[in-house]
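A.B. asks: Model the following, please.
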Amino acid sequence: MTVVVNTTPIISLAAVGRLDLLEHLFGKILIAEAVYQEIKAKPGYGYDQVDSAFIEVRCIQGHLYKQFLLTQLDSGEAETIILAKEVGAEFVIIDENLGYQVAKNAGLTAIRTLSLLLRAKEKGYIKHVKPVLEEMVAKGRWYSEAVCRAFLTQAGE
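C.D. replies: Numbering: from 1, shown residues only. Predicted coordinates for the structure are as follows:
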């Protein structure tokens, strides 16, 4: 399975010590060069973990398409979407609303970090999503109260 992941999901999962969920769920993941550079720009969550053996950094080929996407998205989001298209990814994991919508409009199967947590719970990699969600929020990730409630209801928690 080919999965391309954007910056925010990596930082969010690394912040709570659960970047391993990506490896458990997908084996290897791909990230675009711009995503790698965003994470490595300054020490923080994901800075060391992004060099894990299960994460492969790839350069995109579609630089003209990137210039077009940069009118709406940041470099990491643009390259994530382009890379996912170039490699025929089964999933692209991207959290930002506009990036998520652009990915879907480009014909990609886009999922978000919270969907990933549900999948990890279904597969038995985590017992409950609520503590992970609460820790992500405590470490700086923002979700509206409505999103949190809906997510926890969906998870049966």
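
A.B. asks: Which other helices and strands does the worst-scoring helix or strand of the chain on mean pLDDT contact?
C.D. replies: Within the chain, confidence by mean pLDDT, DSSP states H and E is lowest for helix 63-69 among all helices and strands, at a mean of 87. Contacts defined by 3 or more Cβ pairs under 8 Å, 6 or more residues apart in numbering; DSSP states H and E place helix 63-69 against helix 75-87. (Each C-beta comes from the backbone N, C-alpha and C, glycine too.)

A.B. asks: residues touching the residue with the largest distance to the centre of the chain, list them.
C.D. replies: For the chain, the largest distance from the centre (Cα atoms, centre = their mean) belongs to Leu64, which lies 23.7 Å off. With contact set as Cβ atoms under 8 Å, 6 or more residues apart in numbering, Leu64 has no partners.

A.B. asks: Give me the distance between it and Ile82.
C.D. replies: 10 Å (Cβ to Cβ, to the nearest Å).

A.B. asks: and what of Ala138?
C.D. replies: Applying Cβ to Cβ to Ala138 and Ile82 gives a distance of 33 Å.

A.B. asks: So for those two, which residue has more residues nearby?
C.D. replies: Ranked by neighbour count (other Cβ atoms under 10 Å), Ala138 and Ile82 place Ile82 first, with 23 against 10.
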